[in-house]
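Asks: return a 3D structure for these sequence lines:
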Amino acid sequence: MDIAAESRIDRWGIDWSVVALILAIKALVLILGGLTYTVWQNKPPAGLHGWLGIWNHWDGPHYLDIARDGYVTQGDQQNWIVFYPLYPWAVRLFALVLRDHLLSAFTVSGLASVVAGVLLRKLTDLDFGATISRTAVWFMFIFPTSYFLHIGYTESLFLAFALGSFLAARRRQWWLAGVTGALACLTRVNGLLLIPALGCEALVQYRTEAPRVLRAQWLWIAFIGVGFALYLVLNYYVFGDPLAFVQILHDRFFKTPKWPWVGIVKVWNWKWEDARKLHVNGTQEFFFILLSLACTVWCWRALRASYAVWMALNWLLFTSTSFVISVPRYTLAMFPIFILFARFTAARLVWSGIITFWSITFMAFFITLFVQGEWAF
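Replies: Prediction:
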(Lines give C-alpha, C1' and ligand atoms only; values in the text may rest on other atoms or scores of the structure.)
Protein backbone atom coordinates (compact mmCIF):
# COMPACT_ATOMS: atom_id res chain seq x y z
CA MET A 1 0.00 0.00 0.00
CA ASP A 2 1.19 3.50 -0.87
CA ILE A 3 0.76 5.10 2.58
CA ALA A 4 1.78 8.56 1.40
CA ALA A 5 -0.80 8.52 -1.36
CA GLU A 6 -3.50 7.10 0.91
CA SER A 7 -2.88 9.84 3.47
CA ARG A 8 -4.05 12.44 0.93
CA ILE A 9 -7.57 10.96 0.89
CA ASP A 10 -10.15 12.66 3.12
CA ARG A 11 -13.11 11.06 4.86
CA TRP A 12 -15.22 11.50 1.71
CA GLY A 13 -12.78 9.40 -0.28
CA ILE A 14 -11.44 12.33 -2.30
CA ASP A 15 -7.76 12.33 -3.13
CA TRP A 16 -6.99 16.06 -3.05
CA SER A 17 -3.62 15.57 -4.70
CA VAL A 18 -5.53 14.32 -7.76
CA VAL A 19 -7.81 17.36 -7.65
CA ALA A 20 -4.75 19.63 -7.45
CA LEU A 21 -3.14 17.82 -10.39
CA ILE A 22 -6.26 18.22 -12.53
CA LEU A 23 -6.59 21.92 -11.70
CA ALA A 24 -2.91 22.53 -12.45
CA ILE A 25 -3.18 20.78 -15.85
CA LYS A 26 -6.41 22.65 -16.56
CA ALA A 27 -4.73 26.01 -15.90
CA LEU A 28 -1.74 25.11 -18.07
CA VAL A 29 -3.97 23.97 -20.94
CA LEU A 30 -5.98 27.20 -20.92
CA ILE A 31 -2.83 29.32 -20.62
CA LEU A 32 -1.16 27.45 -23.47
CA GLY A 33 -4.22 28.01 -25.65
CA GLY A 34 -4.16 31.73 -24.93
CA LEU A 35 -0.42 32.04 -25.58
CA THR A 36 -0.50 30.14 -28.88
CA TYR A 37 -3.48 32.19 -30.01
CA THR A 38 -1.62 35.40 -29.13
CA VAL A 39 1.50 34.37 -31.05
CA TRP A 40 -0.25 33.12 -34.18
CA GLN A 41 -2.87 35.87 -34.35
CA ASN A 42 -0.45 38.58 -33.17
CA LYS A 43 -3.02 39.82 -30.66
CA PRO A 44 -4.03 38.65 -27.16
CA PRO A 45 -7.52 37.42 -26.31
CA ALA A 46 -9.63 40.28 -24.98
CA GLY A 47 -10.65 39.71 -21.36
CA LEU A 48 -12.04 36.56 -19.77
CA HIS A 49 -14.62 36.09 -22.50
CA GLY A 50 -11.88 36.34 -25.10
CA TRP A 51 -9.78 33.69 -23.36
CA LEU A 52 -12.77 31.35 -23.29
CA GLY A 53 -13.98 32.27 -26.77
CA ILE A 54 -10.83 31.05 -28.51
CA TRP A 55 -11.93 27.51 -27.56
CA ASN A 56 -15.50 27.94 -28.81
CA HIS A 57 -15.22 26.19 -32.17
CA TRP A 58 -16.92 23.43 -34.16
CA ASP A 59 -19.48 21.63 -31.95
CA GLY A 60 -19.04 24.05 -29.04
CA PRO A 61 -21.27 26.83 -30.47
CA HIS A 62 -24.00 24.27 -31.24
CA TYR A 63 -24.26 23.31 -27.56
CA LEU A 64 -24.53 27.01 -26.68
CA ASP A 65 -27.29 27.44 -29.28
CA ILE A 66 -29.24 24.64 -27.63
CA ALA A 67 -28.59 26.07 -24.15
CA ARG A 68 -29.89 29.50 -25.24
CA ASP A 69 -32.70 28.61 -27.66
CA GLY A 70 -33.55 24.99 -27.04
CA TYR A 71 -34.14 22.63 -29.96
CA VAL A 72 -35.75 24.32 -32.97
CA THR A 73 -37.30 23.15 -36.25
CA GLN A 74 -36.09 25.89 -38.59
CA GLY A 75 -32.78 26.87 -40.16
CA ASP A 76 -29.43 25.20 -39.65
CA GLN A 77 -30.09 24.90 -35.90
CA GLN A 78 -32.71 22.23 -36.53
CA ASN A 79 -29.77 19.90 -37.18
CA TRP A 80 -28.58 20.24 -33.59
CA ILE A 81 -31.12 17.60 -32.52
CA VAL A 82 -28.27 15.11 -33.05
CA PHE A 83 -26.57 16.59 -29.96
CA TYR A 84 -27.86 14.97 -26.80
CA PRO A 85 -29.53 17.33 -24.32
CA LEU A 86 -28.09 16.86 -20.83
CA TYR A 87 -24.95 18.93 -21.34
CA PRO A 88 -26.68 21.99 -22.87
CA TRP A 89 -29.42 21.71 -20.23
CA ALA A 90 -26.74 21.82 -17.52
CA VAL A 91 -25.16 24.86 -19.21
CA ARG A 92 -28.53 26.59 -19.30
CA LEU A 93 -29.06 25.88 -15.61
CA PHE A 94 -25.68 27.36 -14.64
CA ALA A 95 -26.35 30.36 -16.89
CA LEU A 96 -29.29 31.27 -14.68
CA VAL A 97 -26.71 32.16 -12.03
CA LEU A 98 -23.63 33.10 -14.05
CA ARG A 99 -25.60 35.06 -16.70
CA ASP A 100 -23.23 33.89 -19.42
CA HIS A 101 -23.63 30.70 -21.44
CA LEU A 102 -19.99 30.42 -22.51
CA LEU A 103 -18.74 30.81 -18.94
CA SER A 104 -21.38 28.31 -17.83
CA ALA A 105 -20.18 25.78 -20.42
CA PHE A 106 -16.63 26.00 -19.07
CA THR A 107 -17.93 25.75 -15.51
CA VAL A 108 -19.93 22.59 -16.23
CA SER A 109 -17.01 20.99 -18.07
CA GLY A 110 -14.53 22.11 -15.43
CA LEU A 111 -16.48 20.66 -12.52
CA ALA A 112 -17.28 17.46 -14.43
CA SER A 113 -13.63 16.96 -15.36
CA VAL A 114 -12.59 17.07 -11.71
CA VAL A 115 -15.32 14.58 -10.83
CA ALA A 116 -14.21 12.31 -13.69
CA GLY A 117 -10.61 12.36 -12.46
CA VAL A 118 -11.62 11.59 -8.88
CA LEU A 119 -13.83 8.71 -10.04
CA LEU A 120 -11.10 7.23 -12.26
CA ARG A 121 -8.79 7.36 -9.24
CA LYS A 122 -11.35 5.49 -7.12
CA LEU A 123 -12.24 2.96 -9.81
CA THR A 124 -8.63 2.07 -10.59
CA ASP A 125 -7.80 1.87 -6.89
CA LEU A 126 -10.21 -1.05 -6.51
CA ASP A 127 -7.77 -3.26 -8.43
CA PHE A 128 -4.33 -1.68 -8.46
CA GLY A 129 -3.79 0.67 -5.53
CA ALA A 130 -3.03 4.35 -5.13
CA THR A 131 0.13 4.75 -7.21
CA ILE A 132 -1.24 3.21 -10.39
CA SER A 133 -4.63 4.89 -9.97
CA ARG A 134 -3.05 8.34 -9.66
CA THR A 135 -0.87 7.62 -12.70
CA ALA A 136 -3.99 6.66 -14.67
CA VAL A 137 -5.45 10.09 -13.91
CA TRP A 138 -2.19 11.68 -15.08
CA PHE A 139 -2.33 9.86 -18.41
CA MET A 140 -6.00 10.74 -18.92
CA PHE A 141 -5.41 14.46 -18.41
CA ILE A 142 -2.31 14.67 -20.61
CA PHE A 143 -3.81 12.54 -23.39
CA PRO A 144 -3.40 14.37 -26.73
CA THR A 145 -7.10 15.30 -26.94
CA SER A 146 -7.67 15.82 -23.22
CA TYR A 147 -8.23 19.55 -23.75
CA PHE A 148 -11.80 18.57 -24.62
CA LEU A 149 -12.26 17.76 -20.93
CA HIS A 150 -11.89 21.45 -20.07
CA ILE A 151 -13.87 23.26 -22.76
CA GLY A 152 -17.49 23.45 -23.93
CA TYR A 153 -17.85 19.83 -25.04
CA THR A 154 -19.58 16.79 -23.52
CA GLU A 155 -16.48 14.66 -22.87
CA SER A 156 -16.01 15.50 -19.19
CA LEU A 157 -19.69 15.22 -18.25
CA PHE A 158 -20.06 11.94 -20.10
CA LEU A 159 -16.93 10.46 -18.52
CA ALA A 160 -18.06 11.55 -15.06
CA PHE A 161 -21.36 9.67 -15.44
CA ALA A 162 -19.84 6.63 -17.21
CA LEU A 163 -17.08 6.25 -14.60
CA GLY A 164 -19.63 6.79 -11.84
CA SER A 165 -21.77 4.02 -13.31
CA PHE A 166 -18.84 1.59 -13.47
CA LEU A 167 -17.73 2.47 -9.94
CA ALA A 168 -21.24 1.99 -8.56
CA ALA A 169 -21.50 -1.39 -10.30
CA ARG A 170 -18.13 -2.49 -8.92
CA ARG A 171 -19.34 -1.53 -5.44
CA ARG A 172 -22.62 -3.41 -6.07
CA GLN A 173 -24.67 -0.20 -5.82
CA TRP A 174 -26.74 -1.17 -8.82
CA TRP A 175 -29.44 1.46 -8.41
CA LEU A 176 -26.76 4.15 -8.59
CA ALA A 177 -25.13 2.45 -11.60
CA GLY A 178 -28.48 2.55 -13.38
CA VAL A 179 -29.18 6.20 -12.59
CA THR A 180 -25.72 7.49 -13.52
CA GLY A 181 -25.77 5.28 -16.61
CA ALA A 182 -29.09 6.82 -17.68
CA LEU A 183 -27.58 10.27 -17.27
CA ALA A 184 -24.59 9.20 -19.39
CA CYS A 185 -27.08 7.95 -21.99
CA LEU A 186 -28.75 11.37 -21.99
CA THR A 187 -25.34 12.97 -22.63
CA ARG A 188 -23.90 10.82 -25.43
CA VAL A 189 -25.17 7.92 -27.52
CA ASN A 190 -22.42 5.60 -26.28
CA GLY A 191 -24.05 5.68 -22.87
CA LEU A 192 -26.13 2.81 -24.27
CA LEU A 193 -22.97 0.72 -24.30
CA LEU A 194 -23.02 0.72 -20.52
CA ILE A 195 -25.88 -1.80 -20.68
CA PRO A 196 -23.84 -4.70 -22.13
CA ALA A 197 -20.69 -3.59 -20.27
CA LEU A 198 -22.42 -3.60 -16.88
CA GLY A 199 -24.28 -6.75 -17.84
CA CYS A 200 -20.87 -8.34 -18.25
CA GLU A 201 -19.83 -6.93 -14.87
CA ALA A 202 -22.89 -8.52 -13.26
CA LEU A 203 -21.96 -11.85 -14.87
CA VAL A 204 -18.39 -11.57 -13.56
CA GLN A 205 -19.68 -10.91 -10.05
CA TYR A 206 -22.14 -13.80 -10.33
CA ARG A 207 -19.42 -16.24 -11.40
CA THR A 208 -17.00 -15.18 -8.63
CA GLU A 209 -19.51 -15.25 -5.76
CA ALA A 210 -20.19 -18.25 -3.59
CA PRO A 211 -22.96 -19.19 -3.52
CA ARG A 212 -24.03 -17.97 -6.94
CA VAL A 213 -27.21 -15.94 -6.60
CA LEU A 214 -29.25 -14.10 -9.21
CA ARG A 215 -29.85 -10.60 -7.85
CA ALA A 216 -32.88 -8.44 -8.58
CA GLN A 217 -30.65 -5.33 -8.28
CA TRP A 218 -29.13 -6.18 -11.66
CA LEU A 219 -32.39 -5.09 -13.27
CA TRP A 220 -31.21 -1.54 -12.65
CA ILE A 221 -28.91 -2.04 -15.63
CA ALA A 222 -31.98 -1.79 -17.87
CA PHE A 223 -32.75 1.61 -16.35
CA ILE A 224 -29.80 2.99 -18.31
CA GLY A 225 -31.96 2.81 -21.42
CA VAL A 226 -34.32 5.39 -19.90
CA GLY A 227 -31.80 8.07 -20.85
CA PHE A 228 -31.97 7.09 -24.51
CA ALA A 229 -35.76 6.76 -24.32
CA LEU A 230 -35.97 10.37 -23.11
CA TYR A 231 -33.85 11.43 -26.06
CA LEU A 232 -36.28 9.68 -28.41
CA VAL A 233 -39.17 11.47 -26.67
CA LEU A 234 -37.33 14.75 -27.24
CA ASN A 235 -37.05 13.97 -30.95
CA TYR A 236 -40.77 13.23 -31.07
CA TYR A 237 -41.65 16.41 -29.15
CA VAL A 238 -39.59 18.62 -31.48
CA PHE A 239 -40.10 16.93 -34.86
CA GLY A 240 -43.00 14.52 -34.38
CA ASP A 241 -40.63 11.63 -35.11
CA PRO A 242 -38.64 9.79 -32.40
CA LEU A 243 -36.00 8.88 -35.01
CA ALA A 244 -35.64 12.34 -36.57
CA PHE A 245 -31.95 12.40 -35.62
CA VAL A 246 -31.23 9.41 -37.88
CA GLN A 247 -32.14 11.27 -41.06
CA ILE A 248 -30.22 14.36 -39.99
CA LEU A 249 -27.12 12.28 -39.27
CA HIS A 250 -27.37 10.98 -42.83
CA ASP A 251 -28.18 14.26 -44.60
CA ARG A 252 -26.14 16.79 -42.62
CA PHE A 253 -23.33 14.74 -41.08
CA PHE A 254 -22.95 12.04 -43.78
CA LYS A 255 -23.19 9.21 -41.26
CA THR A 256 -24.88 5.89 -41.93
CA PRO A 257 -24.08 2.50 -40.36
CA LYS A 258 -21.39 0.58 -42.26
CA TRP A 259 -18.97 -2.23 -41.54
CA PRO A 260 -15.89 -0.85 -39.71
CA TRP A 261 -13.51 -1.49 -42.58
CA VAL A 262 -15.57 0.69 -44.94
CA GLY A 263 -14.96 3.92 -43.03
CA ILE A 264 -11.41 2.97 -42.02
CA VAL A 265 -10.37 2.31 -45.61
CA LYS A 266 -11.92 5.64 -46.57
CA VAL A 267 -9.77 7.41 -43.94
CA TRP A 268 -6.68 5.70 -45.38
CA ASN A 269 -7.49 6.45 -49.02
CA TRP A 270 -9.00 9.94 -48.71
CA LYS A 271 -7.35 12.50 -51.02
CA TRP A 272 -6.86 15.54 -48.79
CA GLU A 273 -6.14 18.80 -50.58
CA ASP A 274 -3.27 19.94 -48.38
CA ALA A 275 -0.56 18.49 -46.13
CA ARG A 276 -2.13 19.75 -42.91
CA LYS A 277 -5.46 17.99 -43.51
CA LEU A 278 -3.63 14.91 -44.71
CA HIS A 279 -1.82 14.72 -41.37
CA VAL A 280 -4.68 15.67 -39.01
CA ASN A 281 -7.70 14.20 -40.82
CA GLY A 282 -5.79 11.30 -42.26
CA THR A 283 -2.67 10.20 -40.38
CA GLN A 284 -3.81 11.10 -36.88
CA GLU A 285 -7.30 9.66 -37.35
CA PHE A 286 -5.81 6.42 -38.64
CA PHE A 287 -3.21 6.27 -35.86
CA PHE A 288 -5.85 6.62 -33.14
CA ILE A 289 -8.02 3.99 -34.82
CA LEU A 290 -5.09 1.57 -34.54
CA LEU A 291 -4.11 2.72 -31.04
CA SER A 292 -7.62 2.26 -29.65
CA LEU A 293 -7.94 -1.13 -31.38
CA ALA A 294 -4.60 -2.31 -29.97
CA CYS A 295 -5.59 -1.16 -26.49
CA THR A 296 -8.92 -2.95 -26.84
CA VAL A 297 -7.15 -6.24 -27.58
CA TRP A 298 -4.73 -5.53 -24.71
CA CYS A 299 -7.63 -4.83 -22.37
CA TRP A 300 -9.10 -8.28 -22.97
CA ARG A 301 -5.85 -9.76 -21.68
CA ALA A 302 -5.04 -7.36 -18.83
CA LEU A 303 -8.22 -5.91 -17.28
CA ARG A 304 -11.75 -6.89 -16.30
CA ALA A 305 -14.04 -8.32 -18.96
CA SER A 306 -16.54 -5.49 -18.45
CA TYR A 307 -13.85 -2.93 -19.28
CA ALA A 308 -12.93 -4.88 -22.41
CA VAL A 309 -16.59 -4.98 -23.52
CA TRP A 310 -16.77 -1.21 -23.04
CA MET A 311 -13.61 -0.74 -25.11
CA ALA A 312 -14.68 -3.05 -27.93
CA LEU A 313 -18.16 -1.60 -28.30
CA ASN A 314 -16.92 2.00 -28.26
CA TRP A 315 -14.39 1.17 -30.95
CA LEU A 316 -17.06 -0.47 -33.08
CA LEU A 317 -19.41 2.47 -32.55
CA PHE A 318 -17.08 5.15 -33.86
CA THR A 319 -15.68 3.05 -36.71
CA SER A 320 -18.90 1.42 -37.96
CA THR A 321 -19.99 4.41 -39.99
CA SER A 322 -19.64 5.69 -43.51
CA PHE A 323 -17.74 8.77 -42.30
CA VAL A 324 -15.16 8.03 -39.59
CA ILE A 325 -14.10 11.26 -37.90
CA SER A 326 -13.03 12.60 -34.47
CA VAL A 327 -11.57 9.26 -33.38
CA PRO A 328 -8.81 10.94 -31.28
CA ARG A 329 -11.53 12.74 -29.29
CA TYR A 330 -13.85 9.75 -29.02
CA THR A 331 -10.94 7.66 -27.71
CA LEU A 332 -11.13 9.69 -24.48
CA ALA A 333 -14.26 7.75 -23.52
CA MET A 334 -12.23 4.52 -23.56
CA PHE A 335 -10.93 5.14 -20.03
CA PRO A 336 -9.34 1.67 -19.56
CA ILE A 337 -6.58 2.90 -21.90
CA PHE A 338 -5.27 5.11 -19.11
CA ILE A 339 -5.33 2.24 -16.63
CA LEU A 340 -3.39 0.11 -19.12
CA PHE A 341 -0.80 2.88 -19.57
CA ALA A 342 -0.46 3.26 -15.79
CA ARG A 343 0.01 -0.47 -15.19
CA PHE A 344 2.47 -0.86 -18.05
CA THR A 345 4.67 2.04 -16.97
CA ALA A 346 4.60 1.27 -13.22
CA ALA A 347 8.00 -0.45 -13.40
CA ARG A 348 9.11 0.96 -16.76
CA LEU A 349 10.36 4.50 -16.24
CA VAL A 350 11.52 4.85 -19.84
CA TRP A 351 8.10 3.98 -21.23
CA SER A 352 6.45 6.36 -18.78
CA GLY A 353 8.61 9.12 -20.21
CA ILE A 354 7.89 8.10 -23.81
CA ILE A 355 4.09 8.07 -23.34
CA THR A 356 4.21 11.33 -21.40
CA PHE A 357 6.35 13.02 -24.07
CA TRP A 358 4.09 11.78 -26.89
CA SER A 359 0.94 12.86 -25.05
CA ILE A 360 2.07 16.37 -24.13
CA THR A 361 3.72 17.02 -27.51
CA PHE A 362 0.62 16.18 -29.52
CA MET A 363 -1.73 17.82 -27.04
CA ALA A 364 0.23 21.07 -27.51
CA PHE A 365 0.12 20.58 -31.30
CA PHE A 366 -3.64 19.95 -31.37
CA ILE A 367 -4.33 22.85 -29.00
CA THR A 368 -2.34 25.19 -31.26
CA LEU A 369 -4.57 24.20 -34.17
CA PHE A 370 -7.82 24.24 -32.25
CA VAL A 371 -7.60 27.73 -30.76
CA GLN A 372 -6.93 29.13 -34.26
CA GLY A 373 -10.25 27.66 -35.36
CA GLU A 374 -8.61 24.85 -37.33
CA TRP A 375 -9.98 21.32 -37.21
CA ALA A 376 -8.50 19.31 -34.34
CA PHE A 377 -11.18 16.65 -33.74
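Asks: in the protein, which ranges drop under the pLDDT threshold?
Replies: Low-confidence segments of the chain (pLDDT under 70): 1-8, 10-11.
Asks: got the end-to-end distance for stretch 292-311?
Replies: Using C-alpha to C-alpha, to the nearest Å, the end-to-end distance of stretch 292-311 comes out at 8 Å.
Asks: residue furthest from the geometric center of this structure?
Replies: residue 211 (37.2 Å; C-alpha atoms, centre = their mean).
Asks: thinking residue 235 is in contact with residue 241, fair?
Replies: Yes. If you go by C-beta atoms under 8 Å, residue 235 and residue 241 touch, sitting 6.3 Å apart. For the C-beta atoms, the positions are set from N, CA and C on the backbone; glycine is no exception.
Asks: any idea how far residue 276 is from residue 39?
Replies: 18 Å (C-beta to C-beta, to the nearest Å).
Asks: still on that earlier bit, next, the residue farthest from the centre of the chain: phi, psi?
Replies: phi -80, psi 160 (degrees, to the nearest 10).
Asks: quick one: it and residue 169, what's the gap?
Replies: For residue 211, the distance to residue 169 - C-beta to C-beta - is 21 Å.
Asks: so residue 235 and residue 241 - more neighbours on which side?
Replies: It is residue 235, of residue 235 and residue 241, that has more neighbours when counted by other C-beta atoms under 10 Å, with 20 against 12.
Asks: hang on, that one in a helix?
Replies: Yes. Under DSSP: H, G, I helix; E, B strand; the rest coil, residue 235 falls within a helix.
Asks: OK, contacts around it?
Replies: 81, 241-245 (C-beta atoms under 8 Å, 6 or more residues apart in numbering).
Asks: swap in 6 Å and give it another go.
Replies: Listed by C-beta atoms under 6 Å, 6 or more residues apart in numbering, the contact set of residue 235 reads 242, 244-245.
Asks: do the same with residue 322
Replies: Residue 322 touches 256, 258, counting by C-beta under 6 Å, 6+ apart.
Asks: repeat for residue 305
Replies: Residue 305 makes contacts with 200, 204, as judged by C-beta under 6 Å, 6+ apart.
Asks: the same query, at a cut-off of 8 Å, please.
Replies: By C-beta under 8 Å, 6+ apart, the neighbours of residue 305 are 200-201, 203-204.
Asks: what's the answer for residue 365, then?
Replies: Here residue 365 is in contact with residue 144 (criterion: C-beta under 8 Å, 6+ apart).
Asks: where does it sit: helix, strand or coil?
Replies: Quick answer, by three-state DSSP: residue 365 is helix.
Asks: neighbour-wise, which one of the contacts of residue 305 leads?
Replies: Top of the contacts of residue 305 by neighbour count (other C-beta under 10 Å): residue 201, with 26 neighbours.
Asks: could you check how far that one is from residue 319?
Replies: According to C-beta to C-beta, residue 201 stands 24 Å off from residue 319.
Asks: would you list the phi and psi of residue 15?
Replies: On the backbone of residue 15 - angles per degrees, to the nearest 10 - the values are phi -90, psi 100.
Asks: ok, now the one 4 residues further on?
Replies: According to degrees, to the nearest 10, the main-chain angles of residue 19 amount to phi -60, psi -40.
Asks: residues in contact with it?
Replies: Residue 19 neighbours (C-beta under 8 Å, 6+ apart): 114, 117-118.
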